[in-house]
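Undergrad: got a structure for you, letters missing:
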């Protein structure tokens with residue numbers, strides 16, 4: 001049974017007149033164009049935000065420096081705990097840091113830490129550092145007071161320094177040279 005459009009109009013008018021709030025309500029909802037514009041803006045914002053989610057170069061560099069500093073701290077802790085000398089090797093060829101017992105056959109203590117892509121050892125004063133079980137670092141030091149390794153970000157040439165003090169066993173990182 002078909003409804004007469006005139007009856008529909010009159011029923012809408014009846015509803016509007018019987019319900020005063022309904023008469024004041026605007027037509028609710030969004031048009032298709034409005035929804036498409038909002039979706040396009042969200043896509044553009046997402047495309048702009050994706051590179052920052054990957055991590056900026058300076059954050060990667062700082063995190064790599066902290067990871068190497070943690071490797072040095074771990075080497076000291078293991079030397080004290082095991083009562084054995086620990087060798088920390090900075091491998092330029094593989095861009096990694098390895099921890100192993102210093103006595104032959106130099107068994108590794110853990111999986112090597114590899115530098116993230118784009119981060120390189122800029123300068124390593126010695127290829128290895130020895131953690132003494134009696135305290136502190138020994139042999140392979142670049143200066144009498146400590147050891148410094150420099151990391152650099154390939155693209156921006158930004159530098160970060162890892163500094164190990166001989167006497168205090170303090171290991172720190174800095175964006176400023178020691």
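TA: Here it is on my side, so go on. Note that the coordinates shown come from a computational prediction; the quantities given were computed from them, not determined experimentally.

Undergrad: tell me which residues touch residue 161, please.
TA: Residues in contact with residue 161, defined by CB atoms under 8 Å, 6 or more residues apart in numbering, are 65, 148, 149, 150, 151, 173, 174, 175, 176, 177, 178. All C-beta atoms are positioned from the backbone trio N, CA, C, and that covers glycine.

Undergrad: ok, the closest residue to it other than its chain neighbours to residue 163 distance?
TA: Distances taken as CB to CB, 6 or more residues apart in numbering place residue 174 nearest to residue 161, at 5.0 Å, with adjacent residues excluded. Applying CB to CB, to the nearest Å, the value for residue 174 to residue 163 is 7 Å.

Undergrad: now swap in residue 79 and tell me
TA: Distance from residue 79 to residue 163, by CB to CB: 19 Å.

Undergrad: now residue 94
TA: Taking CB to CB, one finds residue 94 at 23 Å from residue 163.

Undergrad: and the two? which has more neighbours close in?
TA: Each of residue 94 and residue 163 has its neighbours counted (other CB atoms under 10 Å); residue 163 has more, 20 against 10.

Undergrad: secondary structure class of the more buried one, three-state.
TA: strand (DSSP: H, G, I helix; E, B strand; the rest coil).

Undergrad: beta-bridge partners for it, please?
TA: residue 148, residue 172 (DSSP bridges).

Undergrad: I figured it hits residue 173, correct?
TA: Yes. Residue 163 lies in contact with residue 173 (CB atoms under 8 Å); the separation is 7.4 Å.

Undergrad: tell me which stretches of the protein form strands.
TA: Ranges of strands within the chain are 86-91, 96-101, 113-114, 119-124, 128-131, 137-138, 146-153, 159-165, 171-174, based on DSSP state E.

Undergrad: nearest to residue 31, of these?
TA: strand 146-153 (47.8 Å; CB to CB).

Undergrad: from the middle of its chain, how far away would the closest one be?
TA: 19 Å (CA atoms, centre = their mean, to the nearest Å).
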